[in-house]
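A.B. asks: Here is a sequence together with a model predicted from it:
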Amino acid sequence: MDLNSDLGESYGRWRLGDDAALLSVVTSANIACGFHAGDPTTIRSACREAVRNGVAIGAQVGYPDLLGFGRRFIDMEPGELTDAVLYQIAALDGLARVAGSRVTYVKPHGALYNTVVHHEEQAAAVVQAVREYDASLPLLGLPGSVLLKSATEAGLPTVGEAFADRAYTREGTLVSRREAGAVLHDPDEVARRVVRMVTDGEVLAIDGTPVRLAAESVCLHGDSEGAVAMARAVRDALTAAGVRLRAFAPGADH
């Protein structure tokens with residue numbers, strides 16, 4: 001099983017998360033590309049630290065929305081969105097290559113991630129960008145989403161993702177952050193939940209309904225309170241359960 005986290009999201013003097021600590025725990029790093037978060041120095045530093053830890057580098061692409069941290073929907077024309085995603089992948093790939101690695105997968109961020117679960121035009125625009133840049137790059141996304149369906153139809157590799165610290169609806173989508181209980185904070189509870197996800201392929205929805213999951217990667221949010229402790233608890237619990245942790249994408253050795 002792969003463990004991924006959103007990293008490289010600090011901007012200038014504004015600091016978010018502990019990239020160095022999380023990169024000693026996870027196997028894949030979703031590194032911001034400068035549109036929703038991340039400045040060149042922060043992004044380059046995250047790439048260097050990922051290489052030092054043998055962690056796979058993924059491009060976390062989002063809407064051009066620094067003020068809203070990429071968590072607000074933008075009704076972008078498909079061609080414009082394709083260009084924006086291409087720009088972000090290329091920028092991160094350049095910094096990753098200077099650090100001695102490369103971009104090995106792509107994952108949408110925030111509002112874009114949730115939008116392409118069901119928005120066919122925007123999902124197709126993201127898929128088009130990945131195809132044009134490098135059709136061998138896997139797309140990481142929510143199982144059953146329009147994004148992964150569109151990517152599969154286009155011949156792109158896909159990877160289903162589960163979320164350690166986010167509540168699910170009974171339909172298998174994420175509960176909106178605006179709702180109570182959407183984000184989980186107890187490391188022990190989250191660790192038990194992830195072991196069930198990985199070993200049984202199941203998670204309890206916010207209303208208690210069992211939901212089936214087919215995931216090859218588990219996301220640990222780097223900006224959550226206590227993110228490092230939670231990530232370590234999850235890793236330790238999976239290891240104790242006999243789960244081997246490794247990056248799903250090529251090019252890394254954790």
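C.D. replies: Here it is on my side, so go on.
A.B. asks: What average pLDDT does the longest helix anywhere in the chain get?
C.D. replies: When the chain is parsed with DSSP state H, its longest helix is helix 78-98. What helix 78-98 shows for mean pLDDT is 98.
A.B. asks: Which other helices and strands does it contact?
C.D. replies: Contact partners of helix 78-98 among helices and strands, from 3 or more CB pairs under 8 Å, 6 or more residues apart in numbering; DSSP states H and E: helix 40-52, strand 56-61, strand 103-108, helix 120-134. For the C-beta atoms, the positions are set from N, CA and C on the backbone; glycine is no exception.
A.B. asks: Could you rerun that using 10 Å?
C.D. replies: Applying 3 or more CB pairs under 10 Å, 6 or more residues apart in numbering; DSSP states H and E, one finds that helix 78-98 contacts strand 28-32, helix 40-52, strand 56-61, strand 103-108, helix 110-115, helix 120-134.
A.B. asks: residues of it that come out buried?
C.D. replies: Within helix 78-98, the residues scored as buried using 16 or more other CB atoms under 10 Å are 81-89, 91-93, 95-96.
A.B. asks: same deal with stretch 20-39?
C.D. replies: Of the residues in stretch 20-39, those buried under the neighbour-count criterion (16+ other CB under 10 Å) are 22-39.
A.B. asks: Next: stretch 203-210.
C.D. replies: Buried residues in stretch 203-210, counted by 16+ other CB under 10 Å: 203, 205-206.
A.B. asks: can you list contacts of that stretch?
C.D. replies: Residues external to stretch 203-210 that are found in contact with it (CB atoms under 10 Å, 6 or more residues apart in numbering): 162-164, 166-175, 179-182, 193-194, 196-197, 200, 202, 211-213, 215.
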